[in-house]
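**Student:** Below is the structure, and that's it, no one-letter string:
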């Protein structure tokens, strides 16, 4: 884990080097974002059975290369998941054993990722105490925990280490406001949509993409 953390820190540093020479200022946002997420099946024999709540917490760094435009990156721990109903029998490889889902069984995915976004932020001039922003970009995701519940089989919190892809990628876009609290400090509120375009599962037997909508809640320094 220590080696992984060092690699992530180096990756973020390398991303920021190209704009450092003409940077007009770096701002940091510490955030704790509640979210809802759902799995979008890519095959007919699987159905989504609704959303699941989650939480994403970390920090964002905005490196402004002009007064209204910034390159953004950061790092966070994202607890997320979704629910799928399997309409055909499906074999699931848990870390401790293998089981078969009967038609109609629902699996609840409990996933955790290290998120590393990279994108652009566009801001307006301050209007009163408020600045409006929009952001878009891409993201890399490293799976660090994968568990599942299957209520019909009495399975709870079993590891899905061999069933989930280690890496995923996404695009995102969002908008919100910075509300000044005085000086350089501001309250950040916004909404963000993120679509992960790599199948979460390592097995070809069930294919689903993970989507989420999060409420940005943070403090800008």
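**Tutor:** On my side now, so go ahead. Just so we're clear, the structure is a prediction, and the values are computed from it rather than from any experiment.
**Student:** who touches the helix or strand hosting residue 188?
**Tutor:** Using DSSP states H and E, residue 188 sits within strand 185-196. For strand 185-196, the surrounding residues in contact (Cβ atoms under 8 Å, 6 or more residues apart in numbering) are 29, 31, 33, 131, 133, 135, 139, 141, 168-181, 209-221. Quick note: C-beta positions are derived from backbone N, CA and C, even for glycine.
**Student:** thought residue 62 was touching residue 122?
**Tutor:** No: at 10.9 Å, residue 62 does not count as touching residue 122 under the criterion of Cβ atoms under 8 Å.
**Student:** So between these two, which is more surrounded?
**Tutor:** Each of residue 62 and residue 122 has its neighbours counted (other Cβ atoms under 10 Å); residue 62 has more, 21 against 13.
**Student:** Specify the beta-bridge partners of the more buried one.
**Tutor:** Under DSSP bridges, the beta-bridge partners of residue 62 are residue 27, residue 72.
**Student:** which residues sit in contact with it?
**Tutor:** Contacts for residue 62 (Cβ under 8 Å, 6+ apart) come out as 26-29, 70-72, 121.
**Student:** Scan those and report the most crowded one.
**Tutor:** When neighbours are taken as other Cβ under 10 Å, the top entry among the contacts of residue 62 is residue 70 (25 neighbours).
**Student:** and the direction of the helix or strand harbouring it versus that of strand 185-196, what angle?
**Tutor:** Using DSSP H and E, residue 70 maps to strand 69-86. Relative orientation of strand 69-86 versus strand 185-196 (axes from the mean of the first three to the mean of the last three Cα atoms, to 10 degrees): 50 degrees.
**Student:** Flag every buried residue along strand 69-86.
**Tutor:** Burial within strand 69-86, assessed by neighbour count using 16 or more other Cβ atoms under 10 Å, is assigned to 70-76, 78-86.
**Student:** One more: stretch 88-108?
**Tutor:** 90, 92, 94, 101, 105-108.
**Student:** farthest-separated two in these?
**Tutor:** Using Cβ to Cβ, the two most remote members of those are 94 and 106, lying 15.9 Å apart.
**Student:** who's sitting farthest from the centroid in the chain?
**Tutor:** In the chain, counting by Cα atoms, centre = their mean, residue 128 sits farthest out from the average C-alpha position, at 32.1 Å.
**Student:** quick one, phi psi at that residue?
**Tutor:** phi 70, psi -120 (degrees, to the nearest 10).
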